[in-house]
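> Give me coordinates for this.
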Amino acid sequence: METLSIKQVASILNVSYGTVFNHRHKWGFYKIKGSRLWRIDKTDLDLLKNRSNNDRGLALSVGEEKLCRSEREETSITLTSIPLAVKELDGLLKRL
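Take a look at the predicted model:
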């Protein structure tokens, strides 16, 4: 099993050392007993990259049929209280 250091992960992900260091606990880095070095298994990093690669739910290629999450979800935009909205609008119009 191959392990990677923070510096190696920063190079692979093309981010700064500080970015990786700040996320080391969240991303699953660990210390080897008696060492000061943080490590992560390469397989864990690959899983992390695959999971976060498409966090917006967008299609990754032109032919891919996966839709954006907003296109899959049905939402309804309505006022929760029409009388309250009318009252607020009247108040704003009186100021003019």
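> What is the longest helix of the protein by residue count?
helix 82-95 (DSSP state H).
> Which strands and helices lie in contact with it?
Packed against helix 82-95 by the contact rule (3 or more CB pairs under 8 Å, 6 or more residues apart in numbering; DSSP states H and E) you find no helix or strand. In short, each C-beta sits where N, CA and C put it, glycine included.
> What are the boundaries of the helices in this protein?
Under DSSP H, the chain gives helices at 6-13, 17-22, 24-27, 42-52, 69-72, 82-95.
> So which of the ones you listed is nearest R36?
When the helices of the chain are compared by CB to CB, helix 6-13 sits nearest R36, at 11.3 Å.
> now the angle between helix 42-52 and the closest one, please.
40 degrees (axes from the mean of the first three to the mean of the last three CA atoms, to 10 degrees).
> Would you mark the buried spots in helix 6-13?
6, 8-10, 13 (16 or more other CB atoms under 10 Å).
> And the contacts of stretch 20-39?
3-6, 9-10, 13, 40-41, 44-45, 48 (CB atoms under 8 Å, 6 or more residues apart in numbering).
> Mind doing that once more with 10 Å?
2-13, 15-16, 40-41, 44-45, 47-48, 52 (CB atoms under 10 Å, 6 or more residues apart in numbering).
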